[in-house]
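1. My questions are about this predicted structure, shown below with the sequence.
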Amino acid sequence: MRLSPLNNSQWLTRVKERAMQLLDRYLEAMRFWLPESEQEDILKELSENILAQAEDKQEELGRPLTIEEESALLKRHGHPMLFGVRYGRRLQYLIGPVMYPFYKLVLKISLAILAIGHIINAIVLAATKHPPGEVITSMFGFFGAAFPMLGWMTVVFAILDRVVEKYKLLNRWTGDWDPKTLPQVKPRVQNRESFWKKLLGVCAESVLTVWWIVGLQRPWMLFGPAAALITFGPIWYKLYPVFVVLGITSIVFKCFTLVRPETATIRWMHLAFKAAGLAIIGVLARTGNLVVLANQANPPQNATALVSVLETCLLIGLSIGFVIGVVQLGWEAFRLLRRRPETAVRGVSTCA
Amino acid sequence: MEHSTQVESTLENLRMELRRGTLILAVLSDLRSEQYGYTLRKDLSEQGIEIDEGTLYPLLRRLETQGLLVSQWREDAKRNKRFYKLSESGEIVLKQLLQEWQNINHALSNIIERHETQPAEQQPVADQS
C-alpha cells in the first residue's frame, strides 16, 4: 500500500473528518444511556479522548487510519449502550434488595387471599347449584384480578424503595439495633416443600374440591354417560355440608401454609385434616348403599347388577384406602412425635 | 472441558474483583499530576496497568463526584480537553489508602510466606467418620 506523505496538520484534518463520521454515530448511539444533565459534557470529553487516541495511532502508523482501523478503535471502547450505562449514578432496579423480600412476602399473602376468595366464591356457587360455567368463570376470575394487583403492588413498592433510599430510612431503622432484641428462633421441620410445589398442590386440590362438590349435585360430571343409570346414594348428600366445610377449610389452610414456614404445628394440622378425611371414608364404608339406580321405578336391564358390582368395588376400595390411610396417619404421627425440634444454632458456640 | 471453562471463568471474576480496588489506587496516584482521560489511560498502560476506556472514563467522573478529583476544561494542542487532578481531600484519602494498601500487602506477604515455608504442617485432617 503506497502511503501519501501528509504533514501533521493535514493528518489531523483527515483523521478528524473521517473519524467524525463514525465517532458521531458512536456518540449519538450512546447519548440515550447517559445521565441527562451530563450528556453534552460526557460526549464532548469522550469525543476529545477518542480523537486524541486516533491521532496517536495515526502518528504511530505514519498514515491516516483506514475505516476498519477507525472502526476497531471505537469497537475497543465497547458497545455504546454498555459504555453509556456505566456513567449511571446508581444501579438501576425497580425494587431494591432491601424492599424485595417484603415485596415478595406481601405479594404471596395477597395472592393467597385473592385465591382463597375466588375458591370460596366458586365453592359457594357450586353448592348453591349455579351453572358449572359460572363456577369455572369465577375461578378463572382470579387471574383477571391477580395481574392488575401485581402491577399496582410493584408500583407501590418501587415508590417505597425510592422513599426509603432518599430519606435514608434504613439507616435510621437499623442504626441502634441490639442483637438481644432479635426474635427467638422457632423450631422448624426439615425437608420443606418449595413454594411452587405447594402452590401447585393448592391449585390441584381446589380444582378437585370444586369438581367434587359440583359433581355431587350433577352426577354426570363424575359418572359421565352412566349417570343415566346410576347416581349417588343418600349418605353422600347427608355428608354434603361436611364436604363443603372440609373442602373450604382445607384449601384456606393450604393457602396459609404457602406463606408460613412449615412448623411442627402445621404438620399436626395436616394430620388432623387427613384424619377428618379418613373419618368420612370410614362412615361411607360402614353405611354402604353408596351407589343407587337413577331411575328406581323403571330400572333398565342389568342396571341392578351394575349397581351391585360398583357398590362392591367402592366398598373394597374405600376399606383398603381407609386401612392404608390409618397406617400412614399413624406412621406420620409417630415420626412427628419422635422428631426433635431443629436447634437454631448450628455453628460452633462462642460461649466459654 | 466444561470444568476447565468454569475454573477460567471463576478466575477471571476473581481477577476482576482483585483489580477493582487497586485500579482506583492507581488512578488516584497517577493523578497527582494533571492529566486528561486518554493520556492517563496511556500512562497507566505504560506502567503495566491495563484499564479499558469504558471503566476509566466513568470512574473519573465518579471520583470527581465523590470530591476526590477536580477537573477543568482547558486548551491543549489546539483542542479543549478535560483535565483531572487530585483534589485536596483526594490527597488525604490517597495517603490513607496507600497506608491501608501497604498494611494489606504486608499482611498478605506474611500469610503467603508462612504457608510456603510450612506447607506440610497445615494439611487438613481427613474425616474419619
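-> That came through, no problem.

2. Show me how the record splits chain A into domains.
-> Per automatic domain parsing, the domain ranges recorded for chain A read A:8-85, A:93-173, A:187-209+A:217-345.

3. Is it possible to get CSV of the ones you listed that adds mean neighbour count and mean pLDDT?
-> (Glycine included, C-beta is placed from N, CA and C.) Shown next, in CSV, are the domains of chain A (neighbours: other Cβ atoms under 10 Å in any protein chain shown; pLDDT from 0 to 100):
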stretch, mean neighbour count, mean pLDDT
domain A:8-85, 16, 83
domain A:93-173, 15, 84
domain A:187-209+A:217-345, 14, 79
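
4. what residues does chain B put near chain A?
-> B:36-39, B:42, B:52-55, B:57-58, B:61, B:65, B:79-82 (Cβ under 8 Å from any Cβ of the partner chain).

5. Pull out the buried members of the residues you listed.
-> Among the residues of chain B next to chain A, those buried by neighbour count (16 or more other Cβ atoms under 10 Å in any protein chain shown) are B:36, B:37, B:38, B:39, B:53, B:54, B:55, B:57, B:58, B:61, B:81, B:82.

6. so which of the residues you listed comes closest to residue A:105?
-> residue B:58 (35.8 Å; Cβ to Cβ).

7. Now do the contacts for that closest one.
-> A:86, A:87 (Cβ atoms under 8 Å, 6 or more residues apart in numbering or on different chains).

8. which SSE is residue A:231 in?
-> Here residue A:231, judged by DSSP states H and E, is contained in strand A:230-232.

9. Can you list the strands that that strand pairs with?
-> Strand pairing for strand A:230-232, determined by DSSP bridges: strand A:291-293 (antiparallel).

10. I'd like the distance from the strand it pairs with to the chain centre, please.
-> 44 Å (Cα atoms, centre = their mean, to the nearest Å).

11. Touching the strand holding residue A:231 from outside, list them.
-> Applying Cβ under 8 Å, 6+ apart, the contact partners of strand A:230-232 are A:216, A:219, A:223, A:290, A:291, A:292, A:293, A:294, A:303, A:306, A:307, A:310.

12. at 6 Å instead, please
-> Applying Cβ atoms under 6 Å, 6 or more residues apart in numbering or on different chains, the contact partners of strand A:230-232 are A:219, A:291, A:294, A:307.

13. how close does residue B:7 get to chain A?
-> Distance, residue B:7 to chain A, by Cβ to the nearest Cβ, to the nearest Å: 26 Å.

14. With residue B:9 instead?
-> Distance of residue B:9 to chain A, given as Cβ to the nearest Cβ: 19 Å.

15. Could you pull up the mean pLDDT of the helix or strand containing that residue?
-> Element membership for residue B:9 (DSSP H and E) is helix B:2-30. For helix B:2-30, mean pLDDT rounds to 87.

16. Give the other helices and strands that the helix or strand that comes right after that helix contacts.
-> Following helix B:2-30 in sequence order, the next helix or strand is strand B:35-36 (DSSP H and E). Applying 3 or more Cβ pairs under 6 Å, 6 or more residues apart in numbering or on different chains; DSSP states H and E, one finds that strand B:35-36 makes contact with strand B:79-86.

17. Whichever strand or helix holds residue A:323 packs against which elements?
-> Following DSSP H and E, one finds residue A:323 within helix A:303-338. With contacts defined as 3+ Cβ pairs under 6 Å, 6+ apart, the packing partners of helix A:303-338 are helix A:264-287, strand A:291-293.

18. try it again with 8 Å
-> strand A:230-232, helix A:264-287, strand A:291-293 (3 or more Cβ pairs under 8 Å, 6 or more residues apart in numbering or on different chains; DSSP states H and E).

19. got the angle for it vs helix A:264-287?
-> Computed with axes from the mean of the first three to the mean of the last three Cα atoms, to 10 degrees, the direction of helix A:303-338 lies at 150 degrees from that of helix A:264-287.

20. what would the helices and strands packed on helix A:303-338 look like in TSV with distance to residue A:64?
-> Output for those, formatted as TSV (distance: least, Cβ to Cβ, whole Å):
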stretch	distance to residue A:64
strand A:230-232	93
helix A:264-287	76
strand A:291-293	95
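
21. out of these, nearest to residue A:38?
-> helix A:264-287 (54.6 Å).

22. Could you give the separation of the closest one from the chain centroid?
-> For helix A:264-287, the separation from the chain centroid amounts to 30 Å (computed by Cα atoms, centre = their mean).

23. Please, which helix or strand holds residue 70?
-> Picked chain A for this. Short version: residue A:70 belongs to helix A:67-77, going by DSSP H and E.

24. oops, chain B please
-> Using DSSP H and E, residue B:70 maps to strand B:69-76.

25. which other residues reach that strand?
-> Identification of contacts with strand B:69-76 by Cβ under 8 Å, 6+ apart yields B:28, B:31, B:36, B:60, B:63-64, B:80-87, B:90.
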